[in-house]
Each structure stands twice: as C-alpha cells, then as structure tokens.
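Chemist: Build me a model from this:
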Amino acid sequence: MTDLATSLNEATLNGSVTGDPARNRVSHQQMANAIRFLAVDAVDRANSGHPGMPMGMADVATVLFTRFLKFDPSDPAWPDRDRFVLSAGHGSMLLYALLYLAGYEGVTLEEIRSFRQWGSKTPGHPEYGHTPGVETTTGPLGQGIATAVGMALAERMANARHGDELVDHFTYVIAGDGCLMEGISHEAISLAGHLKLGKLIVLFDDNQISIDGATSLSCSDNQLARFAASNWSVRRIDGHDPAAIATAIGEERETDRPSLIACRTVIGYGSPARQGTEKAHGNPLGREETAATRTKLNWSFPPFEVPDPILSAWRDVGAGGRRTHQAWQDRRRNLSSSRREAFDEALGGALPGAYERALDEIRTRFAAARPDIATRQASQQVLQGIVPALPSLIGGSADLTHSNLTLASQTSVTSKSFRGAYVHYGVREHGMAAAMNGIALHGGFVPYGGTFLAFADYSRPAIRLAALMGVRVIHVMTHDSIGLGEDGPTHQPVEQLASLRAIPNLLVFRPADAIETLEAWDCAIRSERRPSILCLSRQALPTFRSDARGKNRVALGAYIVVTPEDRRDVTLIATGSEVAIAVQASRILAEQGLHAAVVSAPCLELFAEQPDEYRRSVLGNAPRVGIEAAVEGGWSRWLGDTGEYVGMKGFGASAPAKELYRHFGITAEAVALAAVRVRGHSRIEGDVG
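Modeler: The predicted structure follows:
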C-alpha cells in the first residue's frame, strides 16, 4: 500500500479548472472516494441505508460540485445559488457526504456518524428544512425531478423579472431508473421540454439495476429517445470518466433545452462482491466487504476519516463558492435601489398595502351585492382583485382553466416569454402539484393551481410532500361534491375531503359563500409554512354574510352563523354548500319550537387549533348534527357520541344536482329529522318529514 504522502504527491487533479494548492495535490479519484467511504461507513454504522448509489455516482457528483455547481456553504439560502436535487433520495449519504466535505455548517462528521439516528441532521432520506443544503424532500421516486422542473421554471420567471445580474442559475438533478419509471416523470419531462427550460440538467444514474435485479426485468425503455421526444437535449457518457462528465455538463449548459445526461455507472462501484448487482442497493456492505472495497479502491484510512489534504481540497471548493457569492453581492449593490427593492420584496414575501386594499374592496362589493354565485366564481373574482396587487402570485391549471376559473388578468408563461404569471400545465395534475412545490421552494413566488377535487388523488403525493416540507402552495379544487351533477360518480368527490384532512399540516378550506371564499384565499396566502386546498363549488350558493368589515372568520376554522334566541337545543355544523341547507333546516326546526344554532366550519384544521374556550362556545353543549356532501371521515370528533351525520355513504350518480341531493338525503328536511333524533324530541318527527 502506497503511503498517504506518496499517494497525494503522485496524484493529479484530472482536469481541474482551479489552481487551489490543496486540490492540485489531490486527485479526482481521492475526492470521489471520500464520498464513497463516508457513505459506506455511515450505512455500515447505522446497519441501514443505501450505499450503492453514492458509490456509483460519486464521480459524477465530484465533477459537478468541484467544477460547476454554484453554492456557498456559509449561506445555503443564497438566492442565486444553483439548485441541486437528489431525486434518488434513497442515496442520501451521497448528499450528506458532499455537504460535510464542502463545509456546510451543521453537517458535521458527528452528524455523518449519526446517519439515520434520532435527532440527527442526516435522516434516511433528505428533508427540506431539516438539513442545511437540502433543497427539497425526496425519497418518493420521481418527486425530485418533477419538483426540480418547478425550480427551473421559477428561475426563468425570476430572471425575466429581475435580470441576469440577480438571477442566473442552473438546476441540477441526480435521478435513477426508479425516478424515470414513475409516471410523474413523464408529466415533468414533457412540461420541461415544452417550456424549453434550458437551465435544467438531469444526471441520470444509468446503472441498470433496481431493487428486484436488472432493470431489464421490468423496463426496456430507451430513455434517451423518450427524453428527446419531449424536446430535451440528450447524450450518454461513461459515469466514471471525469473528463467525459465535465465535457458533457459543460456543453449541456450551453443548450436552450433541458438536458439529460445518461451516466452509465456501476452501482456499488469498488465493492468486489456486490458492485453491479442489486445486493449493493439497499444493504450495508458489512465488515468483510467494506474491508475488501477499501483495498480495491486504495483507501487505507479508518472509518469516517478523511485525510486533511483531501478534506482541505473539498473545503477549498466551498471557499470558491463564497467568492462567487461575494461577486453576486457586489453586482447587487451596484444596481439601482428600485431593482434591489423589487427583488428583496419578491423574496421577502411581505404582503403589500395594495393587497389589503384589494381585499377590502372585494369584501365590500360582496357584502353589498350578496351574490348567489358558485364559490369557484367567487374565487375568480377574488383573483381578479388581488392578482394586480400581488405580482408574486403565479397561477395555473391542469387544462381546466375555464372550469376552475383560475385565470384572472395574467398573461401566459411560454417558452418565448417567462414574464407571464399563468402556467398552462396541461393534463398533468401530479406534475403540476410537484412543480408548484418547486416554485415555492425556489422562492420569490406563491404558486396556485387548479383541477377538480375528484382528481386530488393524482396530486396527493406532491401535496403530502408540501405538507411535510411546510411550503406555501395553494391548490384550487373545484366541483367539490355531488353538486357538480350530471358528470356522475367518476367526477363527484366523496372521500377526498376526509382523505386530505388526514394529511398533517395541510389546510383544507371549503367555503360556503363569496365572503368565506375571499377569507379562505386570505388564509391560504398568509399561511407561509402550510399548503392549502380550496374546495370550491360548481353550483351557485347564496351569500349569507353581509359584514363588510371585521376580522377574518374563516381563520377561526368555524363560527356561529345562526344564533338561536333564549336557548340552544341542537347545533347544526356544516361546510361549503351544505351551510345553506343547515340554515334552512334551522328555520324548519324553529317553526316546530326547536332552537338550532348553525355553525359554518370552512376549515376544521384551523378550528382544531383554536383555544378550548372558543371551541366550546361554538359547539355548545347541545346535541350536534354534521352536514357535508361527502363521507363522514373524522366528523365524529366534532359530533360526539350522541351526534348524527348527514352526508354520503357511497359514491354519487349521474343526475342533476338537486335530484342527487334529494336522492342521497342531504336536504333541510333530512337535517331537521336528524336534529329531532339527536335531541330526542319525537313530538315533531312527523311534522318535519
């Protein structure tokens, strides 16, 4: 074994573009091996993880980070940094090793040693907001590449608004076979190619291995032809040849289309018994195989030890990024104050005074007119008022613009102009949801996008990740019940509300009239660390609110709409279109001597967060009836053991909306009967039938 001093003296940098002394003494192979063995040692210590991908892609990652990636470890949130997305999130130790080696504060050697342990900054899959330098949470395959499309789109939109001096960066992705097998990848690459996102470069870990074995067991796609068909620039290289990697990345940076570089690699590179097989994918190498790999790759150092010259070479890379960052700061200072302020305001996300004035104007108009309109129409009117006041608001729809009514006065984003503020996502709900995550993560924009509520399941994995990451994205989901009528059960959501409400940190709004719709939008826009769903009606609903001023009642989650005189015999709790039914039921009950309070509950998540005293004042002590044109889900929490639920027990049907409500028993008369039952007031049962 050659000793370290001799090894370092004899090594070359294999084409480095810098003259840093430390790096001139260290070879590319040694820098890549530092990644490999930090990954191997961490997975071995945890007895859990995926060493194969970091070992196979270490060469590609080393070239990318040392020669191309623009980043500053001392400021991971620098706005003009390149974005690096590890779509193949199971290979998280590749990213953690890079962050440690480059000098990201908080990603220490002790954190590497604590891989996958409680409280560490190195969880099993990368988590946004948990580990410095992690741009997005990945792990569910395909989400990373689709989110990166949103990041690349946001970069182009920000560049169109603020110029090259402030915004000019790339989005790089490492994706594996699994990412490209997932259906969302097709939606993502199609959209990226259509928009010609030339600053998006995907490095495909083309190792031809999946968990079950060779990818040929399940897939025979020609990925290069597939991407080329979607208007990408494509090429294949040897993923273990540093010069070929550098040439490919350098040339693809000059294209006007998104790029796929298929890097033919060997999974578990360097492991004598496991490389090139599925055995390298998701299991620790173990003591004997790790020792054999150290011998084969000429790495004689103890576990978790990176010799000073190699670590210094990596830290020099990080220092170079700080210099690049400083040059950007100097450019920014030389710009006019108006350009700096516009850029800072977009990133800061503070709501301007014009937004508050727009809200007041819309509320006053709604309160005076009290329109009978669908909440999707009310939503469009809200957007028409606030879009001019919020230039950061970026809209879109999955080819349902004129049904969702998500377009206000914006111009469209196209491959020829990114100054627009409306994205035509096409019939790509899942890709849209992930792209919106990427737009939000990039910063500078608040994205919203529309589809039908019945299609929420297409978007659900990306919605779940948005909730996990705590990012502000707004999903406008119209046609929210059997009230959509004749399109039938395929398009009538019954289980979606319950399903979405089960996702932690997600706000689900179902406004009951125009003013509640305005307030729901306001809540969603102000929720900086939570995604929101606005569930809106196709059918017209009466506006029961007339308060032109006052606090946002939707922000309370639920509130009393009808307060009975003298006493409360029963409480009717409803959402959305069923609030009007509850109000009508309260009148029927009043005629029979029962005093009913009516509660509108546009957001049960926000109501659950209110103080106990407020919740008790709204719910009262009387028996309760819940009304919603959906399956019961978690309603029992609010109704108690003696309550009753009026809603759907199965799928809908194709018929006019009013007939469907009668058929499924969601009527004022049915609610009144339920109130009688929970109250035990049998003397009026026949009268209200």
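Chemist: State the pLDDT value of Glu565.
Modeler: pLDDT, Glu565: 87.
Chemist: Distance of the residue nearest to it when sequence neighbours are not counted relative to Leu98?
Modeler: The shortest distance from Glu565 to any non-neighbouring residue, by CB to CB, 6 or more residues apart in numbering, is to His595 (6.8 Å). For the C-beta atoms, the positions are set from N, CA and C on the backbone; glycine is no exception. Distance, His595 to Leu98, using CB to CB, to the nearest Å: 66 Å.
Chemist: neighbour-wise, which of the two wins?
Modeler: Ranked by neighbour count (other CB atoms under 10 Å), His595 and Leu98 place Leu98 first, with 27 against 17.
Chemist: does the more buried one really touch Thr66, like I thought?
Modeler: No: Leu98 is not in contact with Thr66 according to CB atoms under 8 Å; the separation is 10.1 Å.
Chemist: His430 contacts Gly183, correct?
Modeler: Yes: with contact defined as CB under 8 Å, His430 counts as touching Gly183 (7.2 Å).
Chemist: Between these two, tell me which one has more neighbours.
Modeler: Between His430 and Gly183, counting by other CB under 10 Å, His430 is the more crowded of the two (26 against 11).
Chemist: Mind checking what secondary structure Gly488 has?
Modeler: coil (DSSP: H, G, I helix; E, B strand; the rest coil).
Chemist: what sits against it?
Modeler: Going by CB atoms under 8 Å, 6 or more residues apart in numbering, Gly488 touches 652-654.
Chemist: Which members of the residues you listed occur in helices, if any?
Modeler: Of the contacts of Gly488, none are assigned to helices by DSSP state H.
Chemist: out of the residues you listed, which is most surrounded?
Modeler: Most surrounded of those: other CB under 10 Å gives Gly652, at 25 neighbours.
Chemist: Please report phi then psi for that one.
Modeler: phi -80, psi -150 (degrees, to the nearest 10).
Chemist: can you give me the strands for the stretch 201-350 of the chain?
Modeler: Here the stretch 201-350 of the chain has its strands, by DSSP state E, counting those that start in this stretch, at 209-210, 213-214, 233-238, 259-264.
Chemist: Let me have the ones you listed in a markdown table, extended by distance to Glu516, mean pLDDT and mean neighbour count.
Modeler: What follows is the strands of the stretch 201-350 of the chain, written out as a markdown table (distance: least, CB to CB, whole Å; pLDDT from 0 to 100; neighbours: other CB atoms under 10 Å):
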| stretch | distance to Glu516 | mean pLDDT | mean neighbour count |
| --- | --- | --- | --- |
| strand 209-210 | 48 | 96 | 23 |
| strand 213-214 | 54 | 97 | 14 |
| strand 233-238 | 48 | 98 | 18 |
| strand 259-264 | 46 | 98 | 24 |
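Chemist: Among those strands, which comes closest to Leu347?
Modeler: When the strands of the stretch 201-350 of the chain are compared by CB to CB, strand 259-264 sits nearest Leu347, at 27.3 Å.
Chemist: Could you give the average pLDDT over the lengthiest helix in the chain?
Modeler: Counting by DSSP H, the longest helix found in the chain is helix 308-333. Mean pLDDT, computed over helix 308-333, is 97.
Chemist: Give me the buried stretch members for that helix, please.
Modeler: For helix 308-333, burial by neighbour count (16 or more other CB atoms under 10 Å) applies to 309-322, 325, 328, 332.
Chemist: Give the other helices and strands that it contacts.
Modeler: Helix 308-333 sits against helix 21-24, helix 28-46, helix 92-102, with contacts defined as 3 or more CB pairs under 8 Å, 6 or more residues apart in numbering; DSSP states H and E.
Chemist: and with 6 Å instead?
Modeler: helix 21-24, helix 92-102 (3 or more CB pairs under 6 Å, 6 or more residues apart in numbering; DSSP states H and E).
Chemist: Could you check the angle the last one makes with helix 308-333?
Modeler: Taking axes from the mean of the first three to the mean of the last three CA atoms, to 10 degrees, one finds helix 92-102 and helix 308-333 inclined to each other by 80 degrees.
Chemist: For the helix or strand following helix 92-102, buried residues please.
Modeler: Going down the chain from helix 92-102, the next helix or strand is helix 109-113, by DSSP states H and E. Of the residues in helix 109-113, 111-113 count as buried by neighbour count, 16+ other CB under 10 Å.
Chemist: TSV for the residues you listed, including distance to Thr131 and pLDDT?
Modeler: Listed next are these as TSV, based on distance: CB to CB, whole Å; pLDDT from 0 to 100:
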residue	distance to Thr131	pLDDT
Glu111	8	98
Ile112	11	98
Arg113	15	98
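Chemist: Tell me the one among the residues you listed nearest to Asn298.
Modeler: Of the buried residues of helix 109-113, the one sitting nearest to Asn298 (CB to CB) turns out to be Ile112, at 21.5 Å.
Chemist: Tell me the pLDDT of Asp20.
Modeler: 51.
Chemist: Determine the set of other helices and strands touching the helix or strand Leu441 falls within.
Modeler: Here Leu441 sits within helix 429-442, counting by DSSP H and E. Applying 3+ CB pairs under 6 Å, 6+ apart, we find helix 429-442 packed against helix 143-162, helix 183-195, strand 446-452, helix 456-469.
Chemist: any idea which helix or strand comes after the longest one?
Modeler: Sequence-wise, the next helix or strand beyond helix 143-162 is strand 171-176, with elements assigned using DSSP H and E.
Chemist: what angle do that following strand and helix 92-102 make?
Modeler: 140 degrees.
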